[in-house]
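> Next input, structure requested:
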Amino acid sequence: MKNKNVCRVCGANIDTSNGVAGLKNHLRLKHRRLYNLMEGIETDSKLNPTQVSTKKASTVVKTKNPDPSTFPQTRMKEHYPTVLSVADRKKQHLGRVTNWIIDTNQSFNVVGTRSFRIMFNTFSVQAPEITKAANRHSVRENVVQMGTFAKKATKMEVRKHKGSWTSDHWTSRAGVTFTTTTFHYVESWEMKSLVIDFRIFYGSTTGERLFEYQRKLLELDEGYHFAMFGVVDTTGNMGVLTQKLRGIQHETAFCTEHSFHLNAKIAFDDVNIPGAGDLMKKCRSLIEYFSKSTQASGELKRVQGIGMAKEYDGKNAVSVLQDVITRWWSTYRMLKRLHHLQPAFMLMVNNDTLDEDLLPTSSQWKILRQIELSLRTMAQFQRLLEGENYVTGSLVVIAVYKVRQSYMKILASTSAKSPVKALVRKLLDDFNQRFHPDVGAKLIYTGQADIGHGNRYTGIHPYLFIASMLDARVKNMLITMMTEAAFARLKGDLLVFMVEQKRQLMVSDLLDGEPPAPIQESEIVDDASNLSAIRDEDDDDLFGGLVANQDVEVEFQNENDAQLESVCLAELDMYLRDTGMPMHSDPEKKTLNLPMSDP
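Next up is the predicted model:
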């Protein structure tokens, strides 16, 4: 067709009646990577971003600002910074406006408005010309280019570490599916997190398609795996994803928080609380009454502040809270708030500002209180596992143990009401299906990731046991929660990891031309001062990649394995005997002090 050209990539017809601008815009909007290659923003190699030309992408202006002390006798003007030209100031203005747009989340269109541009007129007589550089098209282009560089910088940072990844998918009200993948690692005893991908996921979200996406994103086909362990959602398609990841020897687990919520939401339905007289429905009707009446809500807050009930002395007046079946620990929050407001309700009844029939009966209040206490341990650990600024994987084992123990104590109580026991029995049965029951009130560790219905794990992943063992905050609790046989098996598996890591370090030293000194029997002692001298700086990296040099590996295996095992066992025993706890040591006490507010 006249004035039409066909794209050789997608076959689209492009109008070229006004020149090649249409071709360039098509590449920029539809084939971003090809456009970046053409403009020099990217290269076709896998070199790091510092080797990529940024000829047209850079918005940083290099000004001449020489140090006079480094120059011999020169002309006077060379001792002073060069005045920026209008062209350079346009680039500077565009870069700074782009940063402002990103930082304040502004619309691209705002930079083209007259009111925005005249703000700069007081700074320079050239402002009307300089501000023309920033328009919605140039700013958008800058944002896209900066995103390209940010992705490369993130990938470079990720490759320097080993850690775990998480992934989630959700659909907006407009029916658009989004996906994100985050990466988490420990550096200087602090947890760090990076978003390594966030995008619209086009097409179906089957387990097979998610697997191909994650395998490419995490570079699981390459020799070095920065991602050691994954955590995914509990939806059905994730079962296929985890099955395929296990097929390429990459371990994953389902989100413990989601599994806990699926268990706790049993208390949401009155069907699971027989003999309570539709108690949950009655609570929600009471909450609805206050939510729809500003007068009733105002009176509820007023009676809390008049000093008639000591429960409210020194506390802010609050209103009711509604639970939502999809919101974590919301039923616990609802019941806890109702218990807190019970004296205020009774004051309103005495003042004839509330119909007593809206309230639970005396026996129902007792049932509500017991249900609240039944859900408290679960809610506290859900709150703790939501943490974003500290490691949570090592707390999963402790959480599972404590939640199960809380259920068992309620069932063994002679004071628990029959509707509460019926609910807790259902909670415990469901919990035992998701996590293997204990033996003699102790944790089970098999060293295997047991798979059940829907490719789901039916216990705690062994990696989480190892994480708990390596976390000084919880290792002492873990030891008391396991049977002797289970603890011995866990200790043996951890010892295997340590020996393997030691061997690989020795192989690496040999390949670098520095043969390690043989281990002496005198070094294998049970003394902290001597052990500190032979401890390697990289001992904490217990899961490093294997070195593909089998000949050298066999040589060390035959010569030093017994001695390596003795050294590692001495170090491990010393670590397990150490009762010292780091700062923020007790995760249980920490979470008890956290406000149970709206997540």
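> what is the mean pLDDT for stretch 204-218?
For stretch 204-218, mean pLDDT is 87.
> any idea how far it is from the chain center?
Remark: stretch 204-218 is offset 19 Å from the chain centroid, using CA atoms, centre = their mean, to the nearest Å.
> show me where pLDDT drops low in the stretch 401-550 of the chain?
438-440, 453-455, 507-550 (pLDDT under 70).
> Same check on the chain?
The chain contains residues with pLDDT under 70 at 1-2, 42-82, 221-225, 438-440, 453-455, 507-560, 579-599.
> Show me the strands in it, by range?
4-6, 13-15, 163-171, 177-187, 190-200, 227-232, 251-254 (DSSP state E).
> Give me the angle between the fourth one and strand 163-171.
Relative orientation of strand 177-187 and strand 163-171, computed by axes from the mean of the first three to the mean of the last three CA atoms, to 10 degrees: 160 degrees.
> circling back to that earlier point, tell me which of the strands of the chain sits nearest to Val318.
strand 163-171 (30.8 Å; CB to CB). Using the backbone N, CA and C atoms, a C-beta is placed for each residue, glycine as well.
> Against which helices or strands is the closest one packed?
strand 177-187, helix 207-217, strand 227-232 (3 or more CB pairs under 8 Å, 6 or more residues apart in numbering; DSSP states H and E).
> Tell me which of those approaches Ile196 most closely.
Distance to Ile196, taken as CB to CB, is lowest for strand 177-187 among those, at 5.0 Å.
> Just the buried residues of the closest one, please?
Applying a neighbour-count criterion of 16 or more other CB atoms under 10 Å, one finds Thr179, Thr181, Thr182, Phe183, His184, Tyr185 buried in strand 177-187.
> now stretch 137-152
Using 16+ other CB under 10 Å as the test for burial, stretch 137-152 gives Ser138, Val139, Glu141, Asn142, Val144, Gln145, Met146, Thr148, Phe149, Lys152.
> any chance of the residues you listed in CSV, with distance to Leu564 too?
As requested, the buried residues of stretch 137-152 are arranged in CSV below (distance: CB to CB, whole Å):
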residue, distance to Leu564
Ser138, 61
Val139, 59
Glu141, 57
Asn142, 55
Val144, 52
Gln145, 51
Met146, 49
Thr148, 46
Phe149, 45
Lys152, 40
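> nearest to Lys30, of those?
Val144 (12.9 Å).
> my guess is the closest one meets Arg33, correct?
No - look at Val144 against Arg33 with CB atoms under 8 Å: they stay out of range, at 11.5 Å.
> Met191: what's it in contact with?
By CB atoms under 8 Å, 6 or more residues apart in numbering, Met191 lies in contact with His184, Tyr185, Asn389, Tyr390, Val391.
> Farthest-apart pair in the buried residues of strand 177-187, please.
Largest pairwise distance in those, by CB to CB, is 21.0 Å, between Thr179 and Tyr185.
> could the contacts of Met191 go into a markdown table alongside distance to Lys282?
Conversion of those to a markdown table gives the following (distance: CB to CB, whole Å):
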| residue | distance to Lys282 |
| --- | --- |
| His184 | 43 |
| Tyr185 | 49 |
| Asn389 | 39 |
| Tyr390 | 39 |
| Val391 | 42 |
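> For Leu358, find the nearest of the strands of the chain.
strand 163-171 (37.0 Å).
> quick one: contacts of the closest one?
177-186, 196, 201, 205, 210, 214, 218, 226-233, 255, 393.
> Please repeat the previous calculation with a cut-off of 7 Å.
177-185, 201, 205, 214, 218, 227-233, 393 (CB atoms under 7 Å, 6 or more residues apart in numbering).
> circling back: of the helices and strands packed on strand 163-171, which approaches Asn5 most closely?
Nearest to Asn5 among these is helix 207-217 (31.9 Å), distances taken as CB to CB.
> Report the buried residues of that closest one.
Neighbour count says helix 207-217 has Gly207, Arg209, Leu210, Phe211, Tyr213, Gln214, Arg215, Leu217 buried, by 16+ other CB under 10 Å.
> could the helices and strands packed on strand 163-171 go into CSV alongside distance to Ile130?
Below are those laid out as CSV (distance: least, CB to CB, whole Å):
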stretch, distance to Ile130
strand 177-187, 38
helix 207-217, 41
strand 227-232, 46
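> and of the ones you listed, who's closest to Gly112?
That would be strand 177-187 among the helices and strands packed on strand 163-171, by CB to CB, at 29.0 Å.
> name the helices or strands packed onto that closest one?
Strand 177-187 is packed against strand 163-171, strand 190-200, with contacts defined by 3 or more CB pairs under 7 Å, 6 or more residues apart in numbering; DSSP states H and E.
> closest to Leu478 among the buried residues of helix 207-217?
Distances from Leu478 to those, taken by CB to CB, are shortest for Gln214, at 30.4 Å.
> Please tell me how far that closest one sits from Phe431.
29 Å (CB to CB, to the nearest Å).
> Which one of the helices and strands packed on strand 163-171 lies nearest to Glu484?
strand 227-232 (27.4 Å).
> which neighbours does the closest one have in its sheet, and in what orientation?
Taking DSSP bridges as the criterion, strand 227-232 pairs within the sheet with strand 163-171 (parallel), strand 251-254 (parallel).
> Quick one: distance of that strand to the chain centre.
11 Å.
> Kindly report the same for stretch 442-457.
23 Å.
> how long is it from one end to the other?
With CA to CA, to the nearest Å applied, stretch 442-457 spans 19 Å between its terminal residues.
> And stretch 295-311, by the same measure?
For stretch 295-311, the end-to-end distance is 23 Å (CA to CA).
> hang on, isn't Tyr463 packed against Phe229?
Yes - with contact defined as CB atoms under 7 Å, Tyr463 reaches Phe229; the gap is 5.5 Å.
> Quick check: closest non-adjacent residue to Lys90.
What sits nearest to Lys90 in space, not counting adjacent residues and going by CB to CB, 6 or more residues apart in numbering, is Ala133, at 3.6 Å.
> How about the contacts made by that neighbour?
Residues in contact with Ala133 (CB under 7 Å, 6+ apart) are Lys90, His93, Leu94.
> For the second one, give its distance to Phe120.
Same thing as His93. In this view, His93 and Phe120 are 8 Å apart by CB to CB.
> ditto for the first one
Counting by CB to CB, the gap between Lys90 and Phe120 amounts to 12 Å.
> okay, these two: which has more neighbours?
Lys90 (20 against 16; other CB atoms under 10 Å).
> Could you double-check that that one lies in contact with Ile130?
Yes - between Lys90 and Ile130 there is a contact under CB under 7 Å: 5.4 Å.
> Let me know which of the helices and strands packed on strand 177-187 is tucked in deepest.
strand 163-171 (a mean of 18; mean count of other CB atoms under 10 Å).
> quick one, that one and strand 190-200 angle?
If you take the same axes, to 10 degrees, strand 163-171 sits at 30 degrees to strand 190-200.
> And for Leu464, nearest residue in space, chain neighbours not counted?
Going by CB to CB, 6+ apart, Leu464 has Val396 as its nearest residue, at 4.7 Å.
> ok so, going back, what sits in contact with each of Tyr463 and Phe229?
What both Tyr463 and Phe229 touch, as defined by CB under 7 Å, 6+ apart, is the set Glu251.
> Distance check, the residue lying closest to Val391 once chain neighbours are set aside against Ser164.
Closest residue in space to Val391, ignoring its immediate chain neighbours: Met191 at 5.2 Å, by CB to CB, 6+ apart. With distances taken as CB to CB, Met191 is found 10 Å from Ser164.
> Also Gln342?
Gln342 is 44 Å from Ser164, by CB to CB.
> do the same with Leu335
To Ser164, Leu335 is 34 Å away according to CB to CB.
> Check Asp269 too.
For Asp269, the distance to Ser164 - CB to CB - is 34 Å.
> re the thing from before, can you tell me which of the strands of the chain comes nearest to Gln295?
Of all these, it is strand 163-171 that lies closest to Gln295, at 38.4 Å by CB to CB.
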